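> Got a predicted model here, sequence first, then my questions.
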Amino acid sequence: MFERLHRLQTDPILGLMAAFRADTSPRKVDLGVGVYRDDHGETPVLGCVRRAEEAVLARQSTKSYVSSVGNVGFNQAMERLVFGESHAALSSDRVRTIQAPGGCGALRLGAELIRNAWPDTVIHVSTPTWANHVPLLSGAGLKLERYPYYDPASGGVRFESMLAALETLPAHAVVLLHASCHNPTGADLSEAQWRELLSVIRRRTLLPFIDMAYQGLGSGTAEDAFAIRLFCEELPEVAVAVSCSKNFGLYRERTGCLHVLSDSAKSGDAALSHLVRIARSLYSMPPDHGAAIVHEILGNPALWQEWTGEVGGMRARLTGLRQELVKHLGRACPQRDFHFIAAQRGMFSFLGVDTAQVHALRERHHIYMTDDSRINIGGLRADNLEYFAQAVAQVLG
């Protein structure tokens, strides 16, 4: 049977990771894979995570299953983190949460729920969007289309074009939005733009499906959840996929959740019953270890304070790297304007070079990034910024 299968092409990111590992150059720079790195080039285990893990393991008396809905304490703690302690959506009992295997699992659960509720709807994603959005969402059997978003000329958002495109969508169409730190562009909407977008979504009766993978790494934990909190105050239905990979550093623990806001508690219960059935059919029970760690951190005042400090440190480092990168590129490449990089937020930006130049950076300078020139700002360090800028200057000519 399996001899009928043909080998598929390697995922571009996974292929890039393998090529970087095989490169023996001491000057190599990995700006491809989307993980946060510190000044030593490591993806650290946060101090608060180590202490929370010790507490969890000391107290844990069983490795039995949790349930398809996951760790209830984690789910409730994540609701408070995402929505805020006193949000009306929580006090009105309109939010239902299910733990998921990472943000990817949350996105897939949301897509499956949407297909159950409205199988002929279309999910509209930004141009560009995170590459894995496409297989995760279309794999649920939903059709995907695109709306304008990024402006390569300015490094900002084509907001008027975005609004004009969404104004043409039929009722019950789904719009996938990035809450903050847009991947792959780093270009985010302002609070005023989010409010304008809300008016369009309300008027057209669209369903916002918001992906939040970087809470705390853009402007702050509350600031990065602005759109979610605003939309859930004003709209009857919102879906929110959340990842704990970046802001808690729990990549391999696959920790995330899906929040669903419904128009009533009764509708919320119905949605959760479908999500439990979907989860049961996909993976049955979610892993608990990462969720237990997050629950411990968010429920312990000392660990919470430590976590906010560590997230703030990561955010400050990314912001500082953006500013320093612009300075180095400005000196090395005075003919090009890279100031947009400093105006963006989070881990990613487009460098704005073509595919041939991306390959030249890889082959001649051992600098790795995806073919569309997306760079992970977190892969830069004080000791390789000048090398990177000079390499870019050489390939630009």
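Okay, I see it.

> Dig out what T97 forms beta bridges with.
With beta bridges defined as DSSP bridges, T97 has these partners: H259.

> An error on my part: the question was meant for P148.
Taking DSSP bridges as the rule, P148 bridges to T127.

> Number of residues surrounding it?
17 (other CB atoms under 10 Å). (Each C-beta comes from the backbone N, C-alpha and C, glycine too.)

> Wait, S126 touches E145, no?
No - the pair formed by S126 and E145 falls short of the contact definition of CB atoms under 8 Å, at 11.0 Å.

> higher neighbour count, the two?
Under the criterion of other CB under 10 Å, the comparison of S126 against E145 puts S126 first, with 24 against 12.

> need the contact list for that one.
Taking CB atoms under 8 Å, 6 or more residues apart in numbering, we find S126 in contact with 146-147, 149-150, 162, 176-178, 182.

> How about G290?
So G290 contacts 244, 248, 250, 253-255 (CB under 8 Å, 6+ apart).

> Show me those that map onto strands.
Per DSSP state E, strands hold the following members of these: T255.

> Can you show me the strands along the stretch 251-397 of the chain?
Taking DSSP state E, counting those that start in this stretch, the strands of the stretch 251-397 of the chain run over residues 255-261, 348-350, 367-368, 374-376.

> What is the neighbour count of E233?
For E233, the count of nearby residues is 14 (other CB under 10 Å).

> and it, how far is that from S86?
The gap separating E233 from S86 is 11 Å, by CB to CB, to the nearest Å.

> next one: A187
Where S86 is concerned, A187 sits at a distance of 31 Å (CB to CB).

> Which one's more surrounded, these two?
With neighbours defined as other CB under 10 Å, A187 and S86 compare such that A187 has more, 26 against 8.

> so which helix or strand takes in that one?
Assessed by DSSP states H and E, A187 sits outside every helix and strand.

> pretty sure it contacts Y150?
Yes - A contact is recorded between A187 and Y150 when judged using CB under 8 Å, the distance being 5.9 Å.

> intersection of neighbour lists for those two?
When CB under 8 Å, 6+ apart defines a contact, the residues bordering A187 and Y150 alike are 156-157.

> still on that earlier bit, okay, and the common contacts of S126 and E145?
In contact with both S126 and E145: no residue, using CB under 8 Å, 6+ apart.

> and F338, backbone torsions?
Note on F338: its backbone torsions stand at phi -110, psi 20 [degrees, to the nearest 10].

> quick one: buried residues of the one helix or strand in the chain whose mean pLDDT sits lowest?
The helix or strand with the lowest mean pLDDT-type score in the chain, counting by mean pLDDT, DSSP states H and E, is helix 12-22 (a mean of 88). By neighbour count with 16 or more other CB atoms under 10 Å, helix 12-22 contains the buried residues 16-17, 19-20.

> Make a markdown table from the contacts of G290 and add pLDDT to it.
Written out in a markdown table, the entries for the contacts of G290 read as follows (pLDDT from 0 to 100):
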| residue | pLDDT |
| --- | --- |
| C244 | 98 |
| F248 | 98 |
| L250 | 98 |
| E253 | 98 |
| R254 | 98 |
| T255 | 98 |
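
> State the helix or strand in which the residue lying closest to P119 once chain neighbours are set aside lies.
Nearest-residue entry for P119: G141, 7.5 Å, with adjacent residues in sequence omitted and distances by CB to CB, 6 or more residues apart in numbering. Here G141, judged by DSSP H and E, is contained in no helix and no strand.

> my guess is G141 meets R115, correct?
Yes - using CB under 8 Å, G141 is in contact with R115, at 5.4 Å.

> Quick check on the two: which one has the bigger neighbour count.
Between G141 and R115, counted using other CB under 10 Å, R115 has the larger neighbour count: 17 against 11.

> Next one: that one from G15, what distance?
30 Å.

> before we move on, the earlier item: now do the least confident helix or strand of the chain: which elements does it pack against?
Secondary-structure packing of helix 12-22 (3 or more CB pairs under 8 Å, 6 or more residues apart in numbering; DSSP states H and E): strand 367-368.

> Sheet partners, orientation included, of the strand it packs on?
For strand 367-368, the paired strands and their directions (DSSP bridges) read strand 29-30 (parallel).

> got a list of contacts for the strand it pairs with?
Contacts with strand 29-30, where a contact means CB under 8 Å, 6+ apart, come from 17, 20, 365-368, 376, 379-380, 384, 387-388.

> Tabulate those (TSV), appending distance to V326.
Converted to TSV, those look like this (distance: CB to CB, whole Å):
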residue	distance to V326
M17	27
F20	25
H365	19
H366	23
I367	17
Y368	21
N376	16
G379	16
L380	12
N384	16
Y387	16
F388	12
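
> Between those residues, which sits nearest L198?
N376 (30.7 Å; CB to CB).

> who does that closest one bridge with?
Here N376, judged by DSSP bridges, has bridge partners F348.

> That one against F348, yeah?
Yes - the pair formed by N376 and F348 meets the contact definition of CB under 8 Å, at 6.2 Å.

> residues bridging contact with these two, i.e. touching both?
With contacts defined as CB under 8 Å, 6+ apart, the residues shared by N376 and F348 are G34.
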